[in-house]
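K.L.:
Below is the sequence, then the predicted model.
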Amino acid sequence: WAQSNRAAAQTKMMGPGARKDTLDDIFGAHNYCVVKSFRRVLLTRLAEAIQEARIHTTEFNDFNTGMVTFCGNDVVMTWQREVLLWDRDRLQPCPYEPHLQNKETMKDIQLQLAQEEQANLRSGSVSHESSMSLFLALGLEIEEKQRGLAWEIKARRSGTTYQELSVERQRNIILRDLKKFRRLQLSFMPKFIEYLTEDQRKVLDSPASVLPEETKLFLPSELRSADRELPRAYVAGLVHAETRLREAECRDALESLRQGLRTRSAGHLFTVRNVTGQNPTTRAEGVQRKVQVNIYLSKLRYRWARNSLFRLRGHGPWERELPAVVSRGEGRRQLSWIWYSYSEPIDSLNVATCNDDPVIHEAWARKMCWQEEVTLLLEEMRRVIAYCQWNAELWRGREREERAGIDAKSMQGLRAFAAEQANIQHRTADDLESHWMSICTLGQELLDGLPVSRVIEVEIDNGDDNGDNNEDDVDLVEE
């Protein structure tokens with residue numbers, strides 16, 4: 001289409017028949033150039049695919065050897081069986097999806113609480129109209145909105161009218177959620193007001209005196225430890241449910257923090273290597289600023305959830321898995337525990353723990369991607385040669401075809417043209433087969449898993465399609 005678009009202005013003044021013939025000639029010439037370029041383009045693509053496939057296959061084999069040493073052969077073979085099973089049946093669990101070292105996330109805990117509430121409803125042991133999991137999830141959601149809005153206001157001390165409008169809209173959303181939360185709180189924490197201090201009661205008596213992003217929710221984790229022991233403060237099971245949600249929230253925040261740090265590093269490297277100019281650099285800085293904001297909010301979310309979990313549980317073994325996040329200066333920086341924290345000892349690593357490392361997935365995926373590219377290019381080359389042979393036989397059939405109503409001289413000319421076209425197609429097929437033979441052999445050896453034992457030099461045609469070609473010798477593999 002890019003080439004034929006230039007013919008629009010040239011053909012718009014033509015008649016319908018002349019315009020159709022002209023466009024057919026343009027399309028035919030374009031298709032001819034595409035077919036002629038197969039000799040060069042497919043060879044170049046296969047050369048690149050073989051190089052990359054050899055590199056990534058070697059990298060994966062070396063990495064796989066290290067994983068066998070680290071996790072054990074049984075663990076690695078089990079992971080490979082899961083990948084192969086998913087490749088055959090995409091309805092199976094996807095091994096490429098990230099997970100938190102076989103630990104429960106917020107959604108998992110909410111699902112479990114909902115299932116427990118359903119069982120209690122069936123048994124008739126629940127008298128509340130609403131759901132405990134919905135009440136707690138709403139509280140955690142409000143806290144996250146409050147932290148985000150508070151940071152936005154702090155970062156922009158004096159904003160534009162549009163920014164101020166955005167802040168007021170977020171405050172209205174929080175206020176609506178707070179009203180809904182207070183109604184649910186009377187059901188699940190009916191006597192909590194009796195255990196609040198005078199200053200805390202003022203928040204409930206005059207909510208307009210406190211900004212929405214600063215309003216306390218008074219969940220069980222915010223009450224004094226002595227008040228949490230009183231059964232009248234809230235319904236049974238509420239403290240245990242919030243404890244489970246807070247622990248899952250810590251894990252979710254840690255995973256979000258890790259992902260943000262990876263994204264920031266990758267974005268910085270991409271900007272340094274590929275971005276030049278004032279406008280692209282400004283846009284890249286804007287993206288990095290958003291990533292940095294998400295990292296900061298994830299850190300705040302983890303600290304808030306961990307402090308709440310500490311107030312609910314106190315000191316215990318859980319602090320080894322979820323320690324405090326401490327910011328250090330550049331001169332005292334150390335590798336953070338978030339990159340190597342495991343809830344299990346190294347000797348008991350399982351498939352889920354090994355799968356948590358995205359490098360395994362990336363190495364396997366890159367290897368299979370380039371091997372698939374080699375397979376597709378070999379098949380495409382085979383089909384191009386088969387097409388030329390089929391086209392030659394088609395012209396041979398036309399050469400032998402008898403046509404009624406055509407004189408002898410015209411028939412002789414038609415047969416000569418058909419014979420010429422058949423000869424061109426035969427010579428094209430033979431030329432492609434001989435030109436591609438060595439590199440196709442190398443590609444098949446790669447797919448068969450044979451080691452590299454030689455260097456094959458292939459002449460890659462980088463010239464145009466008119467015969468004025470410049471040839472370069474390219475080494476496909478290294479001994």
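P.N.:
Perfect, I can see it now. In this text the structure is predicted, and so the values were computed from the model without any measurement. Numbering: from 1, shown residues only.

K.L.:
So M14 belongs to a helix, correct?
P.N.:
No: read with DSSP: H, G, I helix; E, B strand; the rest coil, M14 is coil and lies in no helix.

K.L.:
From E52, how far out is it?
P.N.:
48 Å (Cβ to Cβ, to the nearest Å). Placement of C-beta: from N, CA and C, glycine included.

K.L.:
tell me which element A418 is part of?
P.N.:
helix 408-447 (DSSP states H and E).

K.L.:
for that helix, packing partners?
P.N.:
Helices and strands touching helix 408-447, by 3 or more Cβ pairs under 8 Å, 6 or more residues apart in numbering; DSSP states H and E, are helix 16-71, helix 358-400.

K.L.:
Let me have these in CSV, extended by mean pLDDT.
P.N.:
Below are those laid out as CSV (pLDDT from 0 to 100):
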stretch, mean pLDDT
helix 16-71, 86
helix 358-400, 87
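
K.L.:
Out of those, which gets nearest to Q115?
P.N.:
helix 358-400 (30.5 Å; Cβ to Cβ).

K.L.:
coming back round to it: I'd like the helices and strands packed on helix 408-447 as CSV, with distance to A248 appended.
P.N.:
Formatted as CSV, the helices and strands packed on helix 408-447 follow (distance: least, Cβ to Cβ, whole Å):
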stretch, distance to A248
helix 16-71, 26
helix 358-400, 21
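
K.L.:
Those helices into a markdown table, with extra columns for mean neighbour count?
P.N.:
As requested, the helices and strands packed on helix 408-447 are arranged in a markdown table below (neighbours: other Cβ atoms under 10 Å):
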| stretch | mean neighbour count |
| --- | --- |
| helix 16-71 | 15 |
| helix 358-400 | 16 |
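
K.L.:
quick one: which of those helices is nearest Q92?
P.N.:
helix 358-400 (15.6 Å).

K.L.:
Can you tell me which helices and strands the closest one packs against?
P.N.:
For helix 358-400, the packing partners by 3+ Cβ pairs under 8 Å, 6+ apart are helix 16-71, helix 408-447.

K.L.:
what is the orientation angle of it with helix 408-447?
P.N.:
160 degrees (axes from the mean of the first three to the mean of the last three Cα atoms, to 10 degrees).

K.L.:
so how far is helix 358-400 off the chain centroid?
P.N.:
Offset of helix 358-400 from its chain centre (Cα atoms, centre = their mean, to the nearest Å): 28 Å.

K.L.:
And for the spatially closest residue to T22 that is not a sequence neighbour, the neighbour number?
P.N.:
Of all residues not flanking T22 in the chain, T11 sits nearest, at 5.4 Å (Cβ to Cβ, 6 or more residues apart in numbering). T11: 16 surrounding residues under other Cβ atoms under 10 Å.

K.L.:
M14 now?
P.N.:
Going by other Cβ under 10 Å, the residues that sit close to M14 add up to 13.

K.L.:
quick one on the thing from earlier: would you tell me which of the helices and strands packed on helix 358-400 gets closest to Q118?
P.N.:
helix 16-71 (38.3 Å).

K.L.:
For the helix holding A418, give the mean pLDDT please.
P.N.:
For helix 408-447, the mean pLDDT works out to 91.

K.L.:
next one: it to chain centre, how far?
P.N.:
44 Å.

K.L.:
What distance do you get for M189 to L309?
P.N.:
For M189, the distance to L309 - Cβ to Cβ - is 19 Å.

K.L.:
who has more neighbours, those two?
P.N.:
Comparing M189 with L309 by other Cβ under 10 Å, the one with more neighbours is L309, at 23 against 20.

K.L.:
I figured that one hits R251, correct?
P.N.:
No: between L309 and R251 there is no contact under Cβ atoms under 8 Å: 10.9 Å.

K.L.:
Overlap of the contact sets of those two?
P.N.:
L322 (Cβ atoms under 8 Å, 6 or more residues apart in numbering).
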